[in-house]
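Colleague: Return a 3D structure for these sequence lines:
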Amino acid sequence: MSLVRLNIKGISYSQTQNGAYALILNEVDGDRKLPIVIGAFEAQSIAIALEKEIRPPRPLTHDLFKNFADRFDIVVKQVIIHKLVDGVFYSSLICERDKIEEIIDARTSDAIALALRFQAPIFTYKNILDKAGIYLKVNPKKEDEEQDSILVDDLIAEEIEAATVEQEGYKDKSLEELNTLLDEAVNNEDYEKAAKIRDEISKR
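Modeller: Reported below is the predicted structural model:
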C-alpha cells in the first residue's frame, strides 16, 4: 500500500463535542483533508509545538518524552497513521536508536504531537485517505495565506463535524449497544474511543 504524506492544516474547536477539537491534516500532493477528533490537552500540546515562540514554563508530557529521547539518543523518524476502525485512527511511531528501528503503537494525537517536536514527517495509507479524507470549500475572495488561516476557524465546523460523525458510525447504535461499546473501550484502555462513545451517549 502506498503512503501519502500529510501536513498539519490547523486545529478547530468541535462545535458538538464539549472539550474536543478537530485536528486537520492536509494531503501534501492533493486537496483532501483528514479530520481527527482529539482531546483538549493534546490540542494544546500540538498548538504549542506549532507556535515556535511559545515555551511553557515547565515541560509538557510530550516535551518530557522528547527530552528523555534526546538524552538516550532515540529519534522518532516518522509517524504512520496505519488503521481506521469505527472512526478511531491508529498510529505508529517509527523510532531509531543505534541504527536499530523499532515500531511503537501510539494514539494519533500523541504521535502527531511528538512528530512536531522531532520534526518527523507524518504519513497515512492511501486507502485510509480514500475512506476518511474530505474536500473543504475554498473562498476565492481570500488570498491564499489568509485563506489557510481562516479555513480552520470559519469554514471547518460544519464539514468537519459531518465528516467525523459519519466516520464514527455510532449514530445507528442503540443506547444499550453504545454502553456496551463504552465498557469495552474502557476495559481496553482505548480512552479516545471511549470519549467519542460517551459524547454520542450524551447527545442522546
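Colleague: Under the pLDDT cut-off, which ranges of the protein? List them.
Modeller: Residues of the chain meeting the criterion pLDDT under 70: 1, 14-18, 53-54, 136-169, 189-192, 203-204.
Colleague: where do the helices sit along this structure?
Modeller: Applying DSSP state H to the chain gives helices spanning 40-50, 61-71, 108-118, 126-132, 144-150, 156-168, 175-187, 191-203.
Colleague: Could I get the buried residue list for the second one?
Modeller: Taking 16 or more other C-beta atoms under 10 Å as the neighbour-count basis, helix 61-71 is seen to contain the buried residues 62-63, 65-66, 69. Where C-beta positions appear, they are placed from N, C-alpha and C, glycine not excepted.
Colleague: Check stretch 111-125 too.
Modeller: 111-118, 120-125.
Colleague: got it, and stretch 26-35?
Modeller: Buried residues in stretch 26-35 (16+ other C-beta under 10 Å): 26-27, 32-35.
Colleague: Looking at those, which two lie furthest apart in space?
Modeller: E27 and P35 (12.3 Å; C-beta to C-beta).
Colleague: Looking at the helices of the chain, which is nearest to H82?
Modeller: helix 126-132 (7.7 Å).
Colleague: What residue spans form the domains of the chain?
Modeller: Per automatic domain parsing, the structural domains of the chain span 3-166, 170-203.
Colleague: Quickly compare these and say which is most buried.
Modeller: domain 3-166 (a mean of 17; mean count of other C-beta atoms under 10 Å).
Colleague: Distance from the chain centre to that domain, please.
Modeller: 4 Å (C-alpha atoms, centre = their mean, to the nearest Å).
Colleague: from now on call the first residue 40
Modeller: Got it, first residue is 40 now, which makes that one domain 42-205.
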